[in-house]
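Student: build me a model from this:
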Amino acid sequence: MISTRIAHRSIAVLLTAVIALPVGTGSAWASDGPVPVPAPAAGPAESELVPGVPPGPYQPWQIDTPDQALAPKVYTPTAEEDRVEPRDAAVGTYALVEYVPIGDAVAKVTCSKQTGPYQRGVERWLKLRVDGKQSGADCKAIRTFQKKQGIKPAIGFAGPVTWARMQLLAAKKSPNAAKKCPVRSYRVACVDLNRQLTWVQKGKKVVFGPVPMRSGRNGHVTRGGWHKIYWKHKNHWSTLYNSPMPYAQFFDGGIAFHAVYGSIYTTVGSWGCVNLQLADARKLWGVLKKGDRVYVWGHRPGN
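Tutor: Model prediction:
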C-alpha cells in the first residue's frame, strides 16, 4: 500500500493539474515491443505524471481502485438478481487520455521534449533509433501514432497509454506467440502482466481477446501461477470500498476479473484484481464458466 505522504503528494499534483487546465465544454472526450520496458534514468517517473486533458468521467483523480482485498462471501445469486445488468459506463469513461508531465499539461505543449517512462519500448515499436532519449524525430513519430489512435493529448510523450496501445495492437493476431500461456484442451484465461493484456484460449484457438487490463500495484500484485474460477457474481459490490465490481469472476481469494468505471491505464495499479473495461468484462463473463482455469505470469511494468 502506498504511504499517506505519497498519496497526498499524488492528490496534490492531480489537483494542481485540474486547477491549471481549462475545463472543456461540450461532450466527453473520445476513447511488439511486447517485452516490458524499465523506466529510463532520465525524464519524469511514471508516478509523477498526470492526465493530459481536463478531468472527465474516467475520474483520473482516483489513485486507488475498488477491489475486494479479502475473499468474498460466496453464495448462489437468485435468477432475479442475475437478470439485473450492471449500469453502463458514462460516455468517455474509457477515453485514451495519456499521462504526461504536469509542465507539459499546463503549458499545452505541441511536442514534448521530455523522455517518457516507456521511451525505449515506444521507439522500438515505431522502429526508431532505440536510445531511450526523446528527440524531435521521436516526438514527431509518436505524435503521428497518437493522432491515428485517438490518444489525447497527442504531444509525442511516450507514456503508459501509448505503450499499452502498442502492446494491444502487436498482440491482436497472436497474443500467445511467445508461448507464455500454457496450451491445454480446456479453456485457459491468460493474464499477461508484462504487457497488461488478457485473453482466453482453448487449445491454440483464442476465443476471447486480447484486451487491455490493469493488474495489481506494488504490495498488492496479482499473484502468478495457476488458479481456478470459483465464484461468479455479476453485480458484486466491494464491502471494503463500498464500490461496484461489475461482472466479477473470482479466481484467487479476493482477486477477480471485473470491470471498473474508470480508466484502466492509470499509473497506479489495482489492489490485485484484473481490472477491465465494462464491455470487455461483460463479454468475458459469457466466455468463462465456474471451474475454468486461469494462468498468470510476468510483472506489471513499474512493479
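Student: can we go C-alpha only for contacts and neighbour counts from here?
Tutor: Will do.
Student: list the contacts for Asn235?
Tutor: By C-alpha atoms under 8 Å, 6 or more residues apart in numbering, the residues touching Asn235 are Glu81, Asp82, Val84, Glu85, Pro86, Pro244, Met245, Pro246, Tyr247, Ala248.
Student: in TSV: those residues, plus distance to Leu70 and secondary structure.
Tutor: What follows is the contacts of Asn235, written out as TSV (distance: C-alpha to C-alpha, whole Å; DSSP: H, G, I helix; E, B strand; the rest coil):
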residue	distance to Leu70	secondary structure
Glu81	23	helix
Asp82	23	helix
Val84	25	coil
Glu85	24	coil
Pro86	22	coil
Pro244	15	strand
Met245	14	strand
Pro246	17	strand
Tyr247	17	strand
Ala248	14	strand
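Student: dump the residues you listed into CSV; add distance to Lys179 and neighbour count as well.
Tutor: CSV is the format used below for the contacts of Asn235 (distance: C-alpha to C-alpha, whole Å; neighbours: other C-alpha atoms under 10 Å):
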residue, distance to Lys179, neighbour count
Glu81, 39, 12
Asp82, 36, 13
Val84, 38, 10
Glu85, 36, 12
Pro86, 35, 17
Pro244, 34, 21
Met245, 31, 27
Pro246, 30, 26
Tyr247, 28, 27
Ala248, 27, 26
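Student: helices of this structure, start to end?
Tutor: For the chain, applying DSSP state H gives helices covering 4-20, 79-82, 102-107, 119-125, 136-149, 160-171, 278-287.
Student: mean neighbour count, the ones you listed: which tops it?
Tutor: helix 119-125 (a mean of 23; mean count of other C-alpha atoms under 10 Å).
Student: show me what that one is packed against.
Tutor: Helix 119-125 sits against helix 160-171, with contacts defined as 3 or more C-alpha pairs under 8 Å, 6 or more residues apart in numbering; DSSP states H and E.
Student: can I have the helix it packs on written out in PDB, keeping just the CAs?
Tutor: What follows is helix 160-171, C-alpha atoms only, in PDB (Å, rounded to 0.1, in the frame of the first residue of the first chain):
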ATOM      1  CA  PRO A 160       1.700   4.400 -20.400                       C
ATOM      2  CA  VAL A 161      -1.400   4.800 -22.600                       C
ATOM      3  CA  THR A 162       0.700   5.000 -25.800                       C
ATOM      4  CA  TRP A 163       2.800   2.000 -24.700                       C
ATOM      5  CA  ALA A 164      -0.400   0.000 -23.800                       C
ATOM      6  CA  ARG A 165      -2.000   0.700 -27.100                       C
ATOM      7  CA  MET A 166       1.100  -0.600 -28.900                       C
ATOM      8  CA  GLN A 167       1.100  -3.800 -26.800                       C
ATOM      9  CA  LEU A 168      -2.600  -4.400 -27.700                       C
ATOM     10  CA  LEU A 169      -2.100  -3.800 -31.500                       C
ATOM     11  CA  ALA A 170       1.000  -6.000 -31.600                       C
ATOM     12  CA  ALA A 171      -0.800  -8.900 -29.800                       C
END
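Student: could you check the angle that helix makes with helix 136-149?
Tutor: Interaxial angle of helix 160-171 relative to helix 136-149 (axes from the mean of the first three to the mean of the last three C-alpha atoms, to 10 degrees): 70 degrees.
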